[in-house]
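pasting the sequence and the predicted model now:
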Amino acid sequence: MSSSVQGHVAMLCFSALVAGSFSLGVMSANEIDPAALTAVRFWIAALVIGVAAWATTGVPRSAWVAPWRYLVLGGLFGIYFVLMFEGLKTASAISAAAVFTLTPVLAAGFGWVLLRQITTPRMAVALTIGGAGALWVIFRGDVAALAAFQVGQGEVIYFFGCVAHAAYTPLVRKLNRGEPPVVFTFGMLLAGGVILTLYSWPTLRIIDWGALPWIVWITLGYLAIFASAMTFVLLQFATLHLPAAKVMAYTYLTPTWVILWEIALGRDVPPVIVLGGMGLTVIALLMLLREA
């Protein structure tokens, strides 16, 4: 299996795990301060990834050359997660998912600015098809629902988070100096944890952790292990083997995965018409895979 194909497989897993954070995030966004939640999440993930790094590749001294790289990346990903949960306080799940589908286009732009990565006509068509399929899934094939879409404060807040996420992707490739993904992820998580702890310290000190609802602890555990530690490694690996636009194209699969998560959580099954949108996202990904 070629490295590019492995990158696609990594992003397939990435999109499935990220979708879970949407389903759980909506349930806990108003129960705890977003920055405090993200700070704890980063530290737990850093512990898990740190142990994995020491047990596998080790952490060479060369990995700590130019530590500012980790501060930049950790800061960007911290911004994304904080603004995601801040936006979910007021934005509906449908609106937030619609904003998230803008990330691949933003990533393509950052990929050109930072790495001069060119979005080929074939890739542009695939991104367009994937975007159409994602919107189809998000609005469940209801044109009236799409027409009624309005951008509120929560959506605007989350959009800026998506900008940070899109910039993060090409920067990983630009700033990586040969460090293994697990080591590079460890450095980013440590830096992000420090930044977020300093930022949210006044809130962290006064939170009554024992009084938090159970959904917060479930969300924190899932976010730290599955939607942080595992996805960060997958994203780091994929960005080292795929162009930024291709990596972020997998965000188009997130609405489909979210539907599966909602079904697994016992919520409403979407109408059959949604399958058409899911089919378009699969076609888009196959086009990208074929080009790889």
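That came through fine.

and the helix or strand hosting residue 161, what does it pack onto?
Element membership of residue 161, judged by DSSP states H and E, is helix 153-175. If you count contacts as 3 or more CB pairs under 8 Å, 6 or more residues apart in numbering; DSSP states H and E, helix 153-175 packs onto helix 68-87, helix 93-100, helix 103-115, helix 231-239, helix 244-249. Placement of C-beta: from N, CA and C, glycine included.

and among those, the most buried is which?
Of these, the one with the most neighbours on average (mean count of other CB atoms under 10 Å) is helix 244-249, at a mean of 30.

now do that one: which elements does it pack against?
Packed against helix 244-249, as judged by 3+ CB pairs under 8 Å, 6+ apart, are the following elements: helix 3-28, helix 103-115, helix 121-138, helix 153-175, helix 231-239, helix 274-291.

okay, the angle between the second one and helix 274-291?
To tie it back to what came earlier, the one meant is helix 103-115. Helix 103-115 runs at 20 degrees relative to helix 274-291, counting by axes from the mean of the first three to the mean of the last three CA atoms, to 10 degrees.

using PDB, list the CA coordinates for helix 103-115.
What follows is helix 103-115, C-alpha atoms only, in PDB (Å, rounded to 0.1, in the frame of the first residue of the first chain):
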ATOM      1  CA  THR A 103     -12.800  23.900   5.700                       C
ATOM      2  CA  PRO A 104     -11.500  22.000   2.600                       C
ATOM      3  CA  VAL A 105     -11.700  25.100   0.400                       C
ATOM      4  CA  LEU A 106     -10.000  27.100   3.100                       C
ATOM      5  CA  ALA A 107      -7.300  24.400   3.400                       C
ATOM      6  CA  ALA A 108      -6.700  24.500  -0.400                       C
ATOM      7  CA  GLY A 109      -6.100  28.300  -0.100                       C
ATOM      8  CA  PHE A 110      -3.700  27.900   2.700                       C
ATOM      9  CA  GLY A 111      -2.000  25.100   0.900                       C
ATOM     10  CA  TRP A 112      -1.300  27.300  -2.000                       C
ATOM     11  CA  VAL A 113      -0.100  30.300   0.100                       C
ATOM     12  CA  LEU A 114       2.200  28.200   2.400                       C
ATOM     13  CA  LEU A 115       3.300  25.400   0.200                       C
END
